[in-house]
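In: need a 3D model of the sequence below.
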Amino acid sequence: MRSRKAAKPRLSRKGVRLSLSAPANLQTKVQELQLAIARRAHELFDVRGQEHGHDLSDWFQAESEFVYPVSVAMSQSSDCVKLRANVAGFDEREIDVSVEPGRVVILGKKAEPAKGTESGTSEQTGSRPDQFVQVIDLATEVVPERAIVELRAGELTCELPVASKNKTGTAA
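Out: The predicted structure follows:
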């Protein structure tokens with residue numbers, strides 16, 4: 001008699017489908033992150049004795065402390081815009097995506113809680129940022145309600161159907 005191994009749960013060929021977040025909710029989170037980066041950039045400015053002329057380097061330094069870089073590739077056909085983002089290390093619970101007719105926002109934040117110190121305050125562990133943000137402006141209007149967003153093996157894919165144009169040239 002043969003022994004049978006329990007079947008492992010399998011992902012679909014495409015991966016795990018993600019639900020879309022409301023654009024307003026993600027906009028608030030992105031603004032909070034940008035404000036934190038701006039505060040840190042100002043701290044760097046102060047540390048340097050408020051010497052002017054380094055605003056971009058201060059901003060980029062602050063951004064690198066808060067945000068993990070994510071590469072995004074985009075392709076477009078007559079009926080679909082496709083995005084691929086390398087989000088390795090993040091799972092479906094840690095990624096929020098919103099789709100608007102002319103923009104896609106992808107925000108990731110690690111769910112691991114920060115470790116507490118003896119004084120009860122929290123601190124970020126490690127030297128790598130634990131979040132990322134990508135705001136992608138689209139050249140073509142898409143239909144958010146028909147967007148398909150999936151995560152598989154560290155790659156986020158978005159299939160965004162292009163909004164059809166009526167004879168007057170406006171989106172239908």
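In: how about low-confidence regions in this protein?
Out: 1-14, 112-127, 165-172 (pLDDT under 70).
In: so where do the helices sit in it?
Out: 23-47, 55-66 (DSSP state H).
In: same question for the longest one: list its buried residues.
Out: When burial is assessed from 16 or more other C-beta atoms under 10 Å, helix 23-47 yields the following buried residues: 26-27, 29-30, 33, 37, 40-41, 44-45. Any C-beta I mention is one placed from the backbone N, CA and C, and that applies to glycine too.
In: can you list the helices of the chain in CSV and add distance to residue 153?
Out: Below are those laid out as CSV (distance: least, C-beta to C-beta, whole Å):
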stretch, distance to residue 153
helix 23-47, 24
helix 55-66, 26
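In: nearest to residue 75 among those helices would be which one?
Out: Counting by C-beta to C-beta, residue 75 lies closest to helix 23-47 out of those; the figure is 23.2 Å.
In: show me what that closest one is packed against.
Out: Where contact means 3 or more C-beta pairs under 8 Å, 6 or more residues apart in numbering; DSSP states H and E, helix 23-47 is packed against helix 55-66, strand 95-100, strand 103-109, strand 131-137.
In: describe which strands the third one pairs with in its sheet and in which direction.
Out: Going back to what we said before, that points to strand 103-109. The pairing partners recorded for strand 103-109 under DSSP bridges are strand 95-100 (antiparallel), strand 131-137 (antiparallel).
In: reformat the buried residues of helix 23-47 as a markdown table; add distance to residue 17.
Out: What follows is these, written out as a markdown table (distance: C-beta to C-beta, whole Å):
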| residue | distance to residue 17 |
| --- | --- |
| 26 | 18 |
| 27 | 23 |
| 29 | 21 |
| 30 | 23 |
| 33 | 25 |
| 37 | 31 |
| 40 | 35 |
| 41 | 37 |
| 44 | 41 |
| 45 | 44 |
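In: which of these lies closest to residue 162?
Out: So of these, ranked by how close each gets to residue 162 (C-beta to C-beta), first place is residue 26, at 22.0 Å.
In: cool, thanks, signing off.
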